[in-house]
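Asks: Just to be clear, the model below is a prediction. Sequence and coordinates:
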There are 2 protein chains.
Amino acid sequence: MASKHVKEMEALKDHLGKHQLKLTRQRELILNAFLRQEHITAEAMYHQLAKSDPHLGLATIYRTLNLFCDAGLAQARHFGSQTKYDNVSHKGHHDHLICTGCDQIVEFENEEIERLQEEVAIRNGFIIKTHRLELYGLCSRCRH
Amino acid sequence: MASKHVKEMEALKDHLGKHQLKLTRQRELILNAFLRQEHITAEAMYHQLAKSDPHLGLATIYRTLNLFCDAGLAQARHFGSQTKYDNVSHKGHHDHLICTGCDQIVEFENEEIERLQEEVAIRNGFIIKTHRLELYGLCSRCRH
DNA sequence: TATCATTTTGAGACAGCTTATCAATTTCAA
DNA sequence: TTGAAATTGATAAGCTGTCTCAAAATGATA
């Protein structure tokens, strides 16, 4: 029954504590559901959780996912008219190649790019927590 | 009076010709305004053009910017709840270092990263038109 | 240049996604 | 246990962007 996501739970509690926020049943519930995903929309999570908790409100899902973003557990990404919430803890960070022709998304990782990002950050006195890299263009099929 | 953006104008005419579309006063007007920007939202362009053309409708701006996307002159990018239209002919991408402590934004460019992005794209059969790279973290002051 | 089928426009209605509102409930420090 | 403060759920409201449609503009053709 106990969650396997102890580290993330601690991170959330830490954030809550630092901001005079409270740990609620809904927040625990949504966190556990969220951590099982790689990325998900609020709407999708709403329907998914409705099976076990029919009275969990959509607004609460949105609020909570945005809270996770503040806490550094999630990252919002806007796609067309929808927002997807990425699970930051999911196997490192993956970047995205996005085809503007067919909306196909290809995920990739590139250590060399990550290393150079780190370098840029250090040069500017920054410590990176997360990043977002999206390459927009046309995939081989959409190029005609 | 004549536009300096001859090449883009030709590209638009070419697209129009191939799709049984017509060249209108509004399309010329919006193209010239658009090409002066690096990126802009439909709303911003609406207000900008309202000064000289009070009766240019917002729907027309949206339709025309989407047309530019189809013609390969523009590229839509979703940013928060808004859509920004990038001027594809504008080269200088600047990427961003964003401090989550004080919201300070530092712009940077890194040719090596750009080169690696290109490499990743090619490996996946993509042709990049634009990209977006944002590094989130803490600046030297906010690190405590 | 006049004709006219076709496309485009402008204005507002409409739709989808997200946030704001607010009374009722829950949390948690004392 | 108590009570101030935060949170929730339901729904209204807000924001972007698209659709509708009558009127106007375009451009191929004569």
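Replies: Happy to help now that I have it.
Asks: Tell me the residues of chain A that contact DNA strand D?
Replies: A:16, A:20-22, A:24, A:26-27, A:53, A:55-60, A:63-64, A:81 (Cβ under 7 Å from any atom of the strand). Using the backbone N, CA and C atoms, a C-beta is placed for each residue, glycine as well.
Asks: Swap in 10 Å and give it another go.
Replies: A:16, A:19-30, A:49-50, A:53-64, A:67, A:78, A:80-81 (Cβ under 10 Å from any atom of the strand).
Asks: buried subset of the residues you listed?
Replies: Among the residues of chain A next to DNA strand D, the ones that count as buried by 16 or more other Cβ atoms under 10 Å in any protein chain shown are A:16, A:26-27, A:29-30, A:49, A:56, A:60-62, A:64, A:67.
Asks: Can you lay out the residues you listed as CSV showing pLDDT, distance to A:Glu118 and secondary structure?
Replies: Converted to CSV, those look like this (pLDDT from 0 to 100; distance: Cβ to Cβ, whole Å; DSSP: H, G, I helix; E, B strand; the rest coil):
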residue, pLDDT, distance to A:Glu118, secondary structure
A:Leu16, 98, 30, helix
A:Gln26, 98, 37, helix
A:Arg27, 98, 32, helix
A:Leu29, 97, 36, helix
A:Ile30, 98, 32, helix
A:Leu49, 97, 37, helix
A:Leu56, 97, 39, coil
A:Thr60, 98, 37, helix
A:Ile61, 98, 34, helix
A:Tyr62, 98, 33, helix
A:Thr64, 98, 31, helix
A:Leu67, 98, 28, helix
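Asks: Closest one of those to A:Ile98?
Replies: Nearest to A:Ile98 among these, counting by Cβ to Cβ, is A:Tyr62 at 23.6 Å.
Asks: what's near enough to touch the nearest residue to the closest one once chain neighbours are set aside?
Replies: In space, and not counting its chain neighbours, A:Tyr62 is closest to A:Ala42: 4.9 Å by Cβ to Cβ, 6 or more residues apart in numbering or on different chains. Going by Cβ atoms under 8 Å, 6 or more residues apart in numbering or on different chains, A:Ala42 touches A:58, A:61-62, A:65, A:83, A:85.
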